[in-house]
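S.K.: could you work out the structure for the sequence below:
(one chain, ligands or ions: 2)
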Amino acid sequence: MVTRTAREIWEATLGELQIQISKPNYRTWFEKTIGLDFQGNQFIVGVPNTFVAEYLDQNQRSLIEKSLIGLTSPDIQLVFQVNGKRHTSSSGAQVGNPTTLCAQGTYPHGFNPNYVFDSYVEGSCNRLAYAAARAVAQNPGRTYNPLFIYGGVGLGKTHLLHAIGHAAQSSQVTTLCTSGEQFTNEFINSIRERKTEEFRTKYRSVGMLLIDDIHFIGGKEQTAESFFHTFNELHNANRQIVITSDRPPKSMPYLADRLRSRFEWGLMVEIQPPDFETRLAILRAKSEYRGMTLDPNVLELIGHKIQRNIRELEGSLNRVIAYARLLCTVPTIDLATKALEDLTDTQHCNISITPDLIIEAVADSFQLSPDDIKDRKRDKETVLARRVAMYIIRQETSLPVVKIGQVLGRRDAAAVTNACQKIAGDIDESSYLRRKILDIQQRIHSQIHSN
Ligand code: ADP
Ligand code: MG
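M.R.: Ligands and ions are numbered 1, 2, ... in the order given. Purely as a prediction, here's the structure:
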């Protein structure tokens, strides 16, 4: 095997990351980073200042680790360094703690230690999912099989999945936790390396299979086929299967009907965006966990400001706490307002919402390419994505319909108006579409705000 330097490995990692995140985001957070050292299982990345270190630590760690693991080893520990000093995470998590590796997508050693039932705050938005997850954890294979949990980004699906995993582990059930993406990669590698039998055995010999973000296998026929067989064998043997997805099975158009119907065999539960009460309860729990008692007014302020995504809610709380630390003071309303103003005030941003940014976000969400959306493709999913793009551009920019038509493959103004009307009507009917559009808008705004 060729030994590569930390700098080379990091450059390769950056190459992968560049494809996965938006250009402005990449420029702001990654451009001035450098691979410094790779010894044992520690990978040290130099970053220009504490603010970047904090941001990367809190928001991009799992994504970075995912790429790094592919290029190094599964137990790699990522450490940020600022001016020759190691950065210590303000979230209290130990920097380089190997357990953080199981955050998202890649779980070589188990589960995120923070994702347990005890730290999961119940609310009306997730009550059913929570109860079902508990039932499954207590009685694997005998209650709801499969359990299919779906909902938008950052609403706690992975958290519940890992909580089930922790419980299963403590009752000695052999559990395998993977993601749709990892399953796909392993499947492809097993074919390439002629190890399909090993792959089969690995997946079909477990007591419980937890699979995160299954939507990833949509459109990948052979992988889906392989998953179908894995599913059947495990299900026939009464092994528990838990699946998460960003959408319900019926909205996975690329999935073969027979697999879709399997997903619907057990119980399907939706996690919805948290209401204000739940957001407050989560903020309270998270600040207690951090050993901080925050002014209830400060928590309310955050809870009002961040409405749709629990990951962002946590991020904003962290930001307020970090601000207070930086200024050696306690988080007051004034300070929190200032900390969050930065986050939500688009006026001072040096980039604004452009049609291309929107098309990119829509394409991402539908797992298409921006060109697919601009092209003439007429399949159902692409047409829907195109309409959604038109609708969001109309909402988020002041571009006239004629111009919107032009950027979306020279379509005429009437087509744009019709599409917008159609989506506006469908949103009322379909909670899936409503959530999807909210998610996309949120992605766009979080990109803008992080600049
Ligand atoms: P998803 O997989 O749906 O995108 P995650 O499970 O990764 O979302 O959750 C995002 C973050 O929000 C995690 O840090 C998780 O611990 C936290 N979180 C989500 N839901 C809850 C909840 N009900 N109580 C406490 N924390 C939560
Ligand atoms: Mg997740």
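S.K.: now stretch 394-414 - C-alpha only, CSV.
M.R.: Taking C-alpha atoms only, stretch 394-414 is exported to CSV below (Å, rounded to 0.1, in the frame of the first residue of the first chain):
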residue,chain,number,x,y,z
ARG,A,394,-40.8,32.6,-7.3
GLN,A,395,-41.1,32.7,-3.5
GLU,A,396,-37.5,33.5,-2.6
THR,A,397,-36.4,35.9,-5.4
SER,A,398,-37.9,38.8,-7.1
LEU,A,399,-37.3,37.3,-10.5
PRO,A,400,-40.1,37.7,-13.0
VAL,A,401,-41.8,34.5,-14.3
VAL,A,402,-40.3,35.1,-17.8
LYS,A,403,-36.8,35.0,-16.3
ILE,A,404,-37.6,32.0,-14.2
GLY,A,405,-38.7,30.2,-17.3
GLN,A,406,-35.4,31.1,-19.0
VAL,A,407,-33.2,29.8,-16.3
LEU,A,408,-35.1,26.5,-16.2
GLY,A,409,-34.5,25.5,-19.7
ARG,A,410,-36.2,28.2,-21.7
ARG,A,411,-39.7,27.5,-20.7
ASP,A,412,-42.4,30.0,-21.2
ALA,A,413,-43.9,32.2,-18.5
ALA,A,414,-47.3,30.4,-18.6
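S.K.: tell me how far it lies from the chain's centre.
M.R.: Centre-to-centre, stretch 394-414 and its host chain are 30 Å apart (Cα atoms, centre = their mean, to the nearest Å).
S.K.: buried ones in that stretch?
M.R.: Buried residues in stretch 394-414, counted by 16 or more other Cβ atoms under 10 Å: 394, 396, 397, 399, 401, 404, 405, 406, 407, 408, 411. The way it works is simple: take the backbone N, C-alpha and C, and place the C-beta from them, glycine included.
S.K.: kindly reformat those residues as JSON lines containing secondary structure, pLDDT and distance to residue 292.
M.R.: JSON lines is the format used below for those (DSSP: H, G, I helix; E, B strand; the rest coil; pLDDT from 0 to 100; distance: Cβ to Cβ, whole Å):
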{"residue": "394", "secondary structure": "helix", "pLDDT": "85", "distance to residue 292": "42"}
{"residue": "396", "secondary structure": "helix", "pLDDT": "77", "distance to residue 292": "36"}
{"residue": "397", "secondary structure": "coil", "pLDDT": "78", "distance to residue 292": "40"}
{"residue": "399", "secondary structure": "coil", "pLDDT": "81", "distance to residue 292": "44"}
{"residue": "401", "secondary structure": "helix", "pLDDT": "86", "distance to residue 292": "49"}
{"residue": "404", "secondary structure": "helix", "pLDDT": "93", "distance to residue 292": "46"}
{"residue": "405", "secondary structure": "helix", "pLDDT": "93", "distance to residue 292": "51"}
{"residue": "406", "secondary structure": "helix", "pLDDT": "92", "distance to residue 292": "51"}
{"residue": "407", "secondary structure": "helix", "pLDDT": "92", "distance to residue 292": "46"}
{"residue": "408", "secondary structure": "coil", "pLDDT": "92", "distance to residue 292": "47"}
{"residue": "411", "secondary structure": "coil", "pLDDT": "89", "distance to residue 292": "52"}
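S.K.: ok, of those residues, which one's closest to ligand 2?
M.R.: residue 396 (25.4 Å; Cβ to the ion).
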